[in-house]
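1. Provide a 3D model corresponding to the input given below.
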Amino acid sequence: MERQRLDKWLWHARVVRARASAAALIEAGHVRVNGAREKAPGHSVKAGDVVTVGLDRTVRILKVVGFAERRGDATAARVLYDDLQGRPD
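-> You can find the predicted model right below:
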């Protein structure tokens, strides 16, 4: 797999608890892909893309490294991205 829907990737990477929450976050304009605001949950992301997510009181900057077929535990989710802020999870 070389591309995945943005909402699905955020859910698999455990940035949000539910895929519907990921879609709502994107539609509200709180997600950027490579610096450009993204409003479509179906936008495809590929390895190497930088995803910036504005959450409640934090901003996470994640580089897409991989994809998953199914949502796994936190350890499996951690290999899907590099945290560009250097903050441990």
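2. Count residues in the vicinity of the residue lying closest to M1 once chain neighbours are set aside, would you?
-> Excluding the flanking residues, the one nearest M1 by CB to CB, 6 or more residues apart in numbering is F67, at 4.7 Å. Just so you know, the C-beta spots here come from the backbone N, C-alpha and C atoms, and that holds for glycine as well. For F67, the count of nearby residues is 17 (other CB atoms under 10 Å).
3. Repeat that for the one 5 residues further on.
-> Applying other CB under 10 Å, we find 14 other residues in the vicinity of G72.
4. begin at 682 from here
-> All right, first residue 682 from here; so that's G753.
5. which residues touch it?
-> H693 (CB atoms under 8 Å, 6 or more residues apart in numbering).
6. For it, give me phi and psi.
-> Main-chain torsions, G753, degrees, to the nearest 10: phi -110, psi -160.
7. For the chain, just list every one of the helices.
-> Using DSSP state H, the helices of the chain run over 687-693, 700-708, 755-759.
8. by contact count, what packs against the first one?
-> Which is helix 687-693. Applying 3 or more CB pairs under 8 Å, 6 or more residues apart in numbering; DSSP states H and E, we find helix 687-693 packed against helix 700-708, strand 712-714, strand 725-727, strand 731-735.
9. Parallel or antiparallel, list what pairs with the second one.
-> So that's strand 712-714. Partners of strand 712-714 in the sheet, by DSSP bridges, are strand 717-718 (antiparallel), strand 731-735 (antiparallel).
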